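# Need coordinates for the below:
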Amino acid sequence: MINMYNCPMPKNTLKIAMNKIETSLTKSSYYNYIYSLKNTIFQKVVRNSMVGSSGYILQFTDNSFVVCYLDNNKLNWIIDEAVPNPLHLYLIDSDIEFEDNITFPSEELTACYNQAVNDIKIFENTFNLYFENKLEIKSIIEFNTPIPSLKLSIANSI
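Predicted coordinates for the structure are as follows:
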């Protein structure tokens with residue numbers, strides 16, 4: 001990972017470049033789309049989850065849930081109430097061919113249970129969710145395959 005301490009570029013030049021990238025990202029329609037998710041699920045407490053080959057569902061204690069799913073080379077979302085229906089399950093288990101070990105075991109998500117979502121980090125075409133217990137759900141779209149695939153993992157955030 002390049003940062004201001006290990007980059008061969010002068011620190012001031014790197015800082016200017018990083019600010020331009022951040023400004024460009026925050027003006028994108030995808031950034032605004034995901035930022036609205038942050039406002040919707042901020043401080044919601046996770047009670048249950050489902051994991052599929054192309055996304056995941058987090059169910060919250062207030063009887064709502066969010067579906068995070070891969071579509072058009074971007075991680076998208078839908079928020080809804082009550083219980084996920086067949087359409088929601090289809091979105092996370094699409095019939096696209098995925099390679100082995102793409103999804104993480106659902107038991108890993110239990111670490112997020114009874115934890116509130118407290119932040120979202122937005123990238124060019126995906127986002128990570130952060131929880132009050134310092135865990136994050138990392139979402140990475142891999143484009144080095146014939147069909148883009150979604151890799152998910154649970155990690156401690158710093």
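# where do the helices sit along the protein?
11-26, 29-41, 86-92, 106-109 (DSSP state H).
# Give me the below-cutoff pLDDT ranges for the protein.
1-27, 94-106, 158 (pLDDT under 70).
# ranges for the strands of it?
46-52, 55-60, 64-71, 74-81, 117-122, 127-131, 135-142, 149-156 (DSSP state E).
# Adding mean neighbour count and distance to Tyr31, write these out as TSV.
Quick note: C-beta positions are derived from backbone N, CA and C, even for glycine. Converted to TSV, these look like this (neighbours: other Cβ atoms under 10 Å; distance: least, Cβ to Cβ, whole Å):
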stretch	mean neighbour count	distance to Tyr31
strand 46-52	19	24
strand 55-60	22	20
strand 64-71	20	16
strand 74-81	16	11
strand 117-122	18	5
strand 127-131	21	9
strand 135-142	18	15
strand 149-156	16	19
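# Columns distance to Tyr35 on top of these, output as CSV?
Supplementary listing: these in CSV, determined by distance: least, Cβ to Cβ, whole Å:
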stretch, distance to Tyr35
strand 46-52, 20
strand 55-60, 18
strand 64-71, 14
strand 74-81, 11
strand 117-122, 7
strand 127-131, 9
strand 135-142, 16
strand 149-156, 21
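# for these, which one sits closest to Tyr30?
strand 74-81 (6.5 Å; Cβ to Cβ).
# And the nearest residue to Glu142 once chain neighbours are set aside, how far from Trp77?
In space, and not counting its chain neighbours, Glu142 is closest to Ser149: 5.0 Å by Cβ to Cβ, 6 or more residues apart in numbering. As for Ser149, its distance to Trp77 is 18 Å (criterion: Cβ to Cβ, to the nearest Å).
# and what of Ser53?
Counting by Cβ to Cβ, the gap from Ser53 to Trp77 is 17 Å.
# ditto for Val83
17 Å.
# One more: Ile120?
10 Å.
# between these two, what contacts are shared?
34, 37 (Cβ atoms under 8 Å, 6 or more residues apart in numbering).
# Quick one: residues contacting the residue nearest to Glu136 when sequence neighbours are not counted.
Spatial nearest neighbour of Glu136, excluding adjacent residues (Cβ to Cβ, 6+ apart): Ser157 at 4.2 Å. By Cβ under 8 Å, 6+ apart, the contact list for Ser157 reads 130, 134-136.
# mind running it again at 10 Å?
118-119, 121, 128-131, 133-138 (Cβ atoms under 10 Å, 6 or more residues apart in numbering).
# and if you look at Leu129?
37-38, 41, 46, 56, 58, 66, 68, 112, 117-121, 135-139, 157.
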